[in-house]
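> how would this look folded up:
(one chain, ligands or ions: 1)
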Amino acid sequence: MEGLQLFRKLGVVDSESESNSESDSSSSEDDSTSEPEPETELQILGTITSKGTEQRREKKKKVKTKEKLAALHQEEVNRIRNQHKIHIYGTDKPEPLKSFDDLVTNYKMSDVILKNIAKIGYTEPTPIQRQTIPAMLHRREIMACAPTGSGKTAAFILPIIHHLGKHSKHGFRALVLAPTRELAKQIYRDFQMISDGTGLKLHYIDKTVPENEGKSVKKFDILVSTPNRLIYQLNQDPPQIDLHTVEWLIVDESDKLFEEGKSGFRDQLAVIYKACDSKNVRRGMFSATFAYDVEQWCRLNLDNVIQVNVGARNSATQTVEQELQFVGTEFGKLFAIREIIHKGIQPPVLVFVQSKERAQELFNELIYDGMNVDAIHSGKTQAQRDEVVMKFRLGKVWILICTELMGRGIDFKGVNLVINYDFPNSAITYIHRIGRTGRAGRSGKAITFFTEDDKINLRSIANIMVEAGCPVPPYMLQMKKPTKKKRRRLAKRVPEREHISTALKADLEKAKKKRDIIRKSEVTEDRRFYS
Ligand SMILES: Nc1ncnc2c1ncn2[C@@H]1O[C@H](COP(=O)(O)OP(=O)(O)OP(=O)(O)O)[C@@H](O)[C@H]1O
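Below is the predicted model:
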């Protein structure tokens with residue numbers, strides 16, 4: 001040790017090698033028979049420095065091995081993300097799932113949930129599920145964008161059910177918002193299937209439920225609703241619903257709910273957002289399409305948000321074969337749809353029109369042809385709407401004529417064909433409408449009629465088609481791009497179109513004149529009666 005002091009003075013031995021040499025002293029004692037005791041200070045110096053170097057080398061080797069393993073692991077993580085076209089932004093990005101088994105090994109997810117998803121038939125997580133589920137299991141706020149029909153619903157249901165665990169009497173701990181009652185009901189049903197056997201209690205706000213339903217809401221853990229119905233409950237005096245206990249707020253079709261004005265829900269969303277005022281609340285925004293302002297809002301308002309995009313943003317699903325068909329005039333559309341049906345279609349088929357009046361008009365035409373057809377739109381009562389949806393799901397209705405009401409989120413199994421009878425007023429609307437087919441990896445077809453009047457939006461739809469690998473005539477891609485202002489105006493308003501009718505225009509006008517004369521005479525009669 002004396003020699004050691006000397007070298008310490010000289011600055012030859014550093015504290016690390018000192019401690020190493022001290023900790024090594026026992027082993028050198030063990031080895032005393034094999035290693036001769038150093039005799040001179042120079043010999044001691046030689047032994048210490050070579051041992052120190054060796055240990056430093058050893059340490060470096062260990063660090064390098066660790067780094068190599070981490071790099072290999074990261075490579076594997078990157079490979080999974082690349083293979084599934086997952087793009088992720090944010091800090092401390094959680095790793096994607098390799099399989100559903102990771103949920104048990106890494107997150108201790110209950111067997112009951114795993115059995116339920118196996119029962120439904122999910123064997124592999126979809127790309128959005130691979131990345132979103134772990135992020136939410138880490139309680140990260142999330143903004144998720146993935147193609148239509150890619151399993152976004154289960155991507156938020158699984159982590160919510162896992163987090164909530166058992167039923168508690170604290171009130172709603174998860175709230176999911178969707179733009180239409182049909183979609184809210186569908187999400188509610190998915191929750192029922194995946195949470196079966198967990199004891200969690202679900203609630204769906206329905207118009208048909210009595211006004212004072214709020215008094216019993218403490219019985220429930222999860223609430224699924226449209227913003228309108230929820231706002232109605234919140235605005236009662238006293239409020240019929242308490243959202244202070246909400247820990248997860250999910251906004252499905254978030255770009256739709258963020259829209260301002262008549263078609264959007266932005267004001268309602270702000271009220272609901274404020275009512276979910278627990279400091280533990282985590283939020284998740286999901287959609288197949290994302291608007292720039294939603295993204296900005298999320299970045300500013302969500303806490304350490306993770307953004308997950310699957311594939312190219314605002315693009316159509318690759319599983320749909322898309323086709324544009326020029327039909328000349330409104331009358332041409334009726335001729336074209338009859339021809340498609342006549343050639344033979346494989347039901348179920350969805351036909352989109354731009355208004356409830358037109359849905360009814362087209363229904364009148366096709367039912368007259370003896371088709372197995374029905375229509376759904378906001379002009380029908382909820383009970384009628386539910387019945388039509390059920391009949392279509394059961395295969396009793398083959399062709400369903402619908403408005404934008406069915407455009408987003410609705411998951412009808414096995415829709416083979418979507419016909420855009422009326423041209424969609426934006427590329428976003430187009431993506432969602434055609435996304436009612438080609439879901440969950442299945443293939444589908446979409447035919448979009450266009451007339452001279454629809455040419456203004458043609459280029460943007462043609463671009464979506466090209467991106468998805470569908471052929472379009474080159475002239476469409478070279479058409480003049482409408483200004484942003486014009487595009488916005490177009491997206492808000494539907495164009496005026498002639499009525500859907502086989503009758504000749506002259507006959508229609510004659511009929512209208514006749515109706516007007518009758519109406520006028522009825523008014524005169526009424527006046528006489530009351531005077
Ligand atoms: N892991 C999975 N394996 C197989 N099928 C799945 C899986 N996850 C979800 N699905 C099925 O895929 C279909 C589409 O799922 P979902 O309705 O959640 O799509 P989405 O991404 O929300 O679509 P949209 O954007 O149109 O709302 C459903 O029938 C669902 O049951």
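> what does the protein put close to the ligand?
Taking C-beta under 6 Å from any ligand atom as the contact definition, the chain meets the ligand at 122, 124-126, 129, 146, 148-154, 288, 409, 411, 435, 439-440. The C-beta positions use only the backbone N, C-alpha and C, and glycine is treated the same way.
> buried among these? Need that as a selection in ChimeraX.
The command below creates a ChimeraX selection of those among the residues of the chain next to the ligand that count as buried (16 or more other C-beta atoms under 10 Å):
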select :122,125,126,129,146,148,149,150,151,152,153,154,288,409,411,435,439
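> the residues of the chain next to the ligand in helices, which ones?
Among those, the members found in helices (DSSP state H) are 129, 152-154.
> can you list the domains in this protein?
Here the domain assignment for the chain is 79-310, 320-500, 504-531, based on automatic domain parsing.
> which ones are touching the residue nearest to N463 when sequence neighbours are not counted?
Using C-beta to C-beta, 6 or more residues apart in numbering and skipping the chain neighbours, the partner closest in space to N463 is L477 (6.7 Å). Applying C-beta atoms under 8 Å, 6 or more residues apart in numbering to L477 gives the contacts 459, 462-463, 466.
> list the ones among the residues you listed that fall in helices.
Checking the contacts of L477 against DSSP H, those in helices are 459, 462-463, 466.
> buried only: go through the residues you listed for me.
Among these, the ones that count as buried by 16+ other C-beta under 10 Å are 459, 462-463.
> what is the nearest of the contacts of L477 to the ligand?
Distance from the ligand was checked for each of those by C-beta to the nearest ligand atom. The minimum falls on N463, at 19.9 Å.
> look up how far the ligand lies from D221.
Remark: distance between D221 and the ligand (C-beta to the nearest ligand atom, to the nearest Å) = 21 Å.
> that residue touches I161, doesn't it?
No - D221 lies out of contact with I161 (C-beta atoms under 8 Å); the separation is 9.3 Å.
> V224 and A178 touch, don't they?
Yes - counting by C-beta under 8 Å, V224 touches A178, with 7.1 Å between them.
> spit out the residues that contact these two alike.
Applying C-beta under 8 Å, 6+ apart, one finds that V224 and A178 are jointly contacted by 184, 187.
> ok so, going back, who touches both of D221 and I161?
Taking C-beta under 8 Å, 6+ apart as the contact rule, the neighbours common to D221 and I161 are L200.
> who has more neighbours, these two?
Between D221 and I161, counting by other C-beta atoms under 10 Å, D221 is the more crowded of the two (27 against 24).
> could you measure from the closest residue to V246 other than its chain neighbours over to L177?
Beyond its immediate neighbours in the sequence, the residue positioned closest to V246 (C-beta to C-beta, 6+ apart) is C276, lying 4.3 Å away. Counting by C-beta to C-beta, to the nearest Å, the gap from C276 to L177 is 10 Å.
> what's the overlap in contacts for these two?
L249.
> the more surrounded of those two?
Shown here are C276 and L177; by other C-beta under 10 Å, L177 has more neighbours (26 against 18).
> specify the beta-bridge partners of the residue lying closest to the more buried one once chain neighbours are set aside.
Once flanking residues are discounted, L177 sits nearest to V251: 5.2 Å by C-beta to C-beta, 6+ apart. V251 has the following beta-bridge partners by DSSP bridges: L177, M285.
> V251: how many residues sit nearby?
In terms of burial, V251 registers 28 neighbours under the definition other C-beta under 10 Å.
> my guess is it contacts F290. True?
No - taking contact to mean C-beta under 8 Å, the distance of 11.9 Å between V251 and F290 leaves them out of contact.
> tell me the contacts of the residue in the stretch 401-531 of the chain positioned nearest to the ligand?
Using C-beta to the nearest ligand atom, the single residue of the stretch 401-531 of the chain nearest to the ligand is A440, 3.3 Å away. By C-beta under 8 Å, 6+ apart, the contact set of A440 is 126, 149-151.
> so who does the closest residue to P94 other than its chain neighbours touch?
Beyond its immediate neighbours in the sequence, the residue positioned closest to P94 (C-beta to C-beta, 6+ apart) is P134, lying 4.1 Å away. P134 sits next to 94-97, 102, 106-107 when contact means C-beta under 8 Å, 6+ apart.
> could you list the low-confidence segments of the stretch 1-150 of the chain?
With pLDDT under 70 as the threshold, the stretch 1-150 of the chain has low-confidence stretches at 1-39, 41-42, 45, 48.
> can you give me the helices in it?
Taking DSSP state H, counting those that start in this stretch to define them, one finds helices in the stretch 1-150 of the chain at 2-10, 15-23, 25-30, 41-83, 101-105, 111-120, 127-137.
> picking up where we left off before, between the buried ones among the ones in helices among the contacts of L477, which is nearest F449?
Each of those was checked against F449 using C-beta to C-beta; the closest is A462, at 14.3 Å.
> name the residue of the stretch 251-400 of the chain that lies nearest to the ligand.
Closest approach of the stretch 251-400 of the chain to the ligand (C-beta to the nearest ligand atom) occurs at A288, with a separation of 3.7 Å.
> quickly note the distance from the closest residue in space to that residue that isn't next to it in sequence to I428.
For A288, ignoring the flanking residues on the chain, the nearest one in space by C-beta to C-beta, 6+ apart is T148 at 4.5 Å. Distance, T148 to I428, using C-beta to C-beta: 11 Å.
> also I341?
For I341, the distance to I428 under the criterion C-beta to C-beta works out to 28 Å.
> any weak-confidence spans in the stretch 351-500 of the chain?
The model of the stretch 351-500 of the chain has no residue with pLDDT under 70.
> and the strands in it?
Listed in chain order, the strands of the stretch 351-500 of the chain (DSSP state E, counting those that start in this stretch) span 373-376, 399-402, 417-420, 444-451.
> quick one: closest of these to T317.
Each of these was checked against T317 via C-beta to C-beta, and the shortest separation belongs to strand 444-451, namely 8.5 Å.
> quick one: list the elements packing against that closest one.
In this structure, strand 444-451 makes packing contacts with strand 320-328, helix 330-343, strand 417-420, helix 427-434, judged by 3 or more C-beta pairs under 8 Å, 6 or more residues apart in numbering; DSSP states H and E.
> hmm, 10 Å instead?
Using 3 or more C-beta pairs under 10 Å, 6 or more residues apart in numbering; DSSP states H and E as the contact definition, the elements that strand 444-451 packs against are strand 320-328, helix 330-343, strand 349-352, strand 417-420, helix 427-434, helix 455-467.
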